[in-house]
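I would like to see how this sequence folds:
(2 chains)
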Amino acid sequence: MDYILTTNALSKSYKDFKALNGLSMNVPKGAIYGFVGKNGAGKTTLIRLICGLQEPTSGEYTLYGRKNTDKEVVKSRRRMGAVVETPSIYLDMTAEDNLKQQYRVLGLPSFEGIHDILKLVGLENTGKKKAKNFSLGMRQRLGIAIALVGNPDFLILDEPVNGLDPQGIIEIRELILKLNQEEQITILISSHILDELSKVSTHYGFIDNGCMIKEMSVAELEAACRKCVHIEVSDIKALARLLDKMKVEYKILSDTTADIYAKVKVSQLTQELMKENCEVYTMQEHDESLESYYISLIGGGKNE
Amino acid sequence: MNKLLAANFSRMLKNKFLYIGILVLGGAIAMQLYKDYTYVQSHPGEIISLDIFLLMYSKVAIIISSIFAGFFIGTEYSDKTIRNKIIVGHTRIAVYIANMITCVLATLIFFLTPMLVTVLAGLPISGVFTWSSKVLIQTILCSILTVIAFVSIFMPIVMLISNKAVGTITVLIITSLMIFSAVEVGDMLAEPEMIQGVATIGSDGVTIEYSEEPNPNYLEGTARKVWQAVYDCLPGGQISQYGGNTLPQNISMFPVYSFMVILVSSGAGILIFRKKNLK
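Numbers count the residues shown, from 1 in each chain, chains lettered A, B, ... in the order given. Below you'll find the model as predicted:
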C-alpha cells in the first residue's frame, strides 16, 4: 500500500509535558483518515509537526517518501494544504484577495482557477465582503479554499467542523467527500466529533495521551463494531458444534466465551446447549458504534 | 523568496498605514518648508537651506516604520497566515528575510518621503543645497544603511513575539529608547570641556571677568572613548549625528558598524525564529 504520510515513534515535549509520546501512524494514499482523540490527546500537535510549524523532540515522519530531516521535505510540503485549528486567512481581505495572496505565496503564474476554487467551497458570491465579516462556516471554507490553492493531493484538516452549525457541518462534510471522490485528494481529518468522522472516514487512527492506540480501515472497524451476541458458556466445544450445525457465523474468544454474529432464538439455543450438558452463564447483545468502540479502546473514563 | 516578496509587497501596497505614514511625514516637511518660505519672504537676503530638511524627520520616520513593522508582521501572527507560507514549503529563513526586506522597503519609503518632498517643493521656492554633492551623497547613503540597521534590530522583536499588540508596543518602546537614549549620549558628549566660572570685577572696577573652570560633566579618557564608540556603533547614535552642519566625525566607519549590527541582529533573529514553535 502507498502511504502519503508515515510517522515513526514521533515525540514532542513542551518542558515537562509530553504532547506526543512515540506516535506511529500511516496515512494511505486516497484515504480519508479520521484522526480520533479527545481534546489534548495530541492531534493538533501532530498536525503542527507535519506542517513544519514545530520540530519534533524525537522520532521522525516521512511525507511522500521524504523524511522530515531531509532538506527536500519542503518539496513534499508543496503538495499539501492544511487548515490547522482556525483558518489562516487575512481578515481585512476579501475571499478572492485571500486566494490571490496564496497564489503569490506559491508563485503561480496567473490567478486562473480562483473562481473554480471559490465555487467548489461555495464562496463564489461573497464579492467585496471582507473575511472579518464572514460567518465561522464561511471562514472555515475559505481556509479550506486557501489550502486547495496549487492543487494539493494531501489535505490536512484540524477539527474542520468545530463550532459550526448543523448546516455548516453538512456543507463541510459534503465538501470533504467531494474533494476525496472527485479530486482524489487524500485527507487527514482530526476530530473528536466521532459521529461526524464516521460519515466520511475510510481509515481511522485512535490517539490517546500522545500515543497511537489503534489504526484500522473502515472495514476492520465495521467488523469490530459488528452486531453480535456475546455468550459465556461452560463448554465452548459444545457451543461450537451447535453453531456449526445451525450454520451461524461465530468467533471463539476464550475457553468459555464467544461472539455469535446472528440473531439467535435465545430459548432454542439454551435448550439445545442444555441437551449437550452445556450451561449458559451470560448472554449480551453487542451493537458497538464508533463512539463505544473508541471508549472501549481508551478504557472509558479511566484516562479522563 | 521572490514569491514571498511578491506576496508581501502586494500586501504592503494595500496597507493603509503605509499611506498614512507617507502623508504624515510628507505633510510635516511641507509645513516646515512653508514656514521657512514665509520667514525668508519677510527677511530679504536670507535663503532657504534645504540640507537641514533632508534628515529632519528621520527619527520620526524610524518610529513610524517600527509601528508599521509591528502591525504588518503582527497581522501574519494574529491572522495566522504565516502558517500558510511554512505549510507550503517556504523555509523559515526565507520567510524571515522576505519580511525583513519588506520592512526595509517600507522604512525607506518613510525615510525618503521627506527628502523627495524637500526636493520637489523646496527647489521651486528657491531653496538651495549648501552642502557639496559629495557630502550629500555620503550622508544619504550612510543614513540609509543606518535605517536598515534599525530595521534589522526591530525585526527579531516582531518576528518572535506572536502577539500583534505586544509586539508592536515592544518594538515601539525599544526603538524610541534607542533614539532618545542616543540623544542623551549625544548631549553628554557635547558637554564643553571648560565652563564659565566665578565672575569677578576687574581691577578697573567696571569690567566683569569670568574665570574658566573644568566642566565636571565633561567625559574624558576611557569613558569618553566608550561612549563615543557606543554613539557611533548603534543606529540610534548614528541617526542623531546626521543632519548637522558638519559631517559626523567618524562617518567613514558608520557603514561598517551598520553592517555589523545588521549581521548580528539578523543572524540572531533567524537562529531563534528557526526554532520557534508556531501555533
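
local confidence estimate at the residue lying farthest from the centre of chain B?
In chain B, the residue that sits farthest from the middle, by Cα atoms, centre = their mean, is B:Asp204; the gap is 54.1 Å. We have a pLDDT of 72 for B:Asp204.

same question for A:Leu155.
We have a pLDDT of 91 for A:Leu155.

next, the buried residues of the helix or strand hosting it.
Per DSSP states H and E, A:Leu155 falls inside strand A:154-158. Across strand A:154-158, burial judged by 16 or more other Cβ atoms under 10 Å in any protein chain shown covers A:Phe154, A:Leu155, A:Ile156, A:Leu157, A:Asp158. No exception for glycine: its C-beta is placed from N, CA and C like everyone else's.

just the CA trace of the helix or strand just after it, in CSV.
Counting by DSSP H and E, the next helix or strand C-terminal to strand A:154-158 is helix A:166-182. C-alpha atoms of helix A:166-182 as CSV (Å, rounded to 0.1, in the frame of the first residue of the first chain):
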residue,chain,number,x,y,z
PRO,A,166,-25.7,21.8,11.5
GLN,A,167,-25.9,23.3,8.0
GLY,A,168,-22.2,24.3,8.1
ILE,A,169,-21.3,20.8,9.3
ILE,A,170,-23.2,19.2,6.4
GLU,A,171,-21.5,21.6,3.9
ILE,A,172,-18.0,20.8,5.1
ARG,A,173,-18.8,17.1,5.1
GLU,A,174,-20.0,17.2,1.5
LEU,A,175,-17.0,19.2,0.5
ILE,A,176,-14.6,16.7,2.1
LEU,A,177,-16.3,13.8,0.3
LYS,A,178,-16.3,15.7,-3.0
LEU,A,179,-12.6,16.6,-2.7
ASN,A,180,-11.8,12.9,-2.0
GLN,A,181,-14.0,11.3,-4.5
GLU,A,182,-13.8,13.8,-7.4
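
so which bits of chain A are right by chain B?
A:14, A:48, A:51-55, A:74-78, A:80-82, A:84-93, A:100-102, A:104-107, A:146-147, A:150 (Cβ under 8 Å from any Cβ of the partner chain).

just the buried members of these?
Among the residues of chain A next to chain B, the ones that count as buried by 16+ other Cβ under 10 Å are A:48, A:51-54, A:74, A:76-78, A:80-82, A:84-90, A:92-93, A:100-102, A:104-107, A:146-147, A:150.

and those, which of them are in strands?
Those of those mapping onto strands are A:Met80, A:Gly81, A:Ala82, per DSSP state E.

from those residues, which single one is nearest chain B?
Ranked by distance to chain B (Cβ to the nearest Cβ), those are led by A:Ala82 at 4.9 Å.

so who does the residue of the stretch 201-304 of chain A found nearest chain B touch?
Taking Cβ to the nearest Cβ, chain B has its nearest neighbour within the stretch 201-304 of chain A at A:Gly210, 16.0 Å off. Residues near A:Gly210 by Cβ atoms under 8 Å, 6 or more residues apart in numbering or on different chains: A:Ser11, A:Lys12, A:Lys18, A:Ala19, A:Leu20, A:Asn21, A:Gly22, A:Leu23, A:Ala41, A:Gly42, A:Thr45.

lowest pLDDT pick from the residues you listed?
Out of the contacts of A:Gly210, that is A:Ala41, at 84.

who's in contact with that residue?
A:His192, A:Ile207, A:Asp208, A:Asn209, A:Gly210.

for the second one, helix, strand, or coil?
For A:Ile207, the reduced secondary structure class is strand; criterion used: DSSP: H, G, I helix; E, B strand; the rest coil.

what would the ones in strands among the buried ones among the residues of chain A next to chain B look like in JSON lines with pLDDT?
Output for those, formatted as JSON lines (pLDDT from 0 to 100):
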{"residue": "A:Met80", "pLDDT": "90"}
{"residue": "A:Gly81", "pLDDT": "89"}
{"residue": "A:Ala82", "pLDDT": "90"}
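
residue contacts, residue 2?
Just going to use chain A. Going by Cβ under 8 Å, 6+ apart, A:Asp2 touches A:Pro28, A:Lys29.

um, chain B though
Going by Cβ under 8 Å, 6+ apart, the list of residues near B:Asn2 reads A:Gly107.

that older thread, in helices only, show me the buried ones among the residues of chain A next to chain B.
Among these, the residues falling in helices (DSSP state H) are A:Arg48, A:Val74, A:Ser76, A:Arg77, A:Lys100, A:Gln101, A:Gln102, A:Arg104, A:Val105, A:Leu106, A:Ile146, A:Ala147.

please, which helix or strand holds A:Met212?
Secondary structure assignment for A:Met212, by DSSP H and E: strand A:211-217.

who are the packing partners of that strand?
Applying 3 or more Cβ pairs under 8 Å, 6 or more residues apart in numbering or on different chains; DSSP states H and E, one finds that strand A:211-217 contacts strand A:17-28, strand A:203-208, helix A:290-298.

hey, what's the residue nearest to the spatial centre of chain A bridged with?
The centroid of chain A falls nearest to A:Gly34 when counting by Cα atoms, centre = their mean (0.5 Å). A:Gly34 has these beta-bridge partners by DSSP bridges: A:Ile189, A:Tyr204.

thanks again, I'm all set now.
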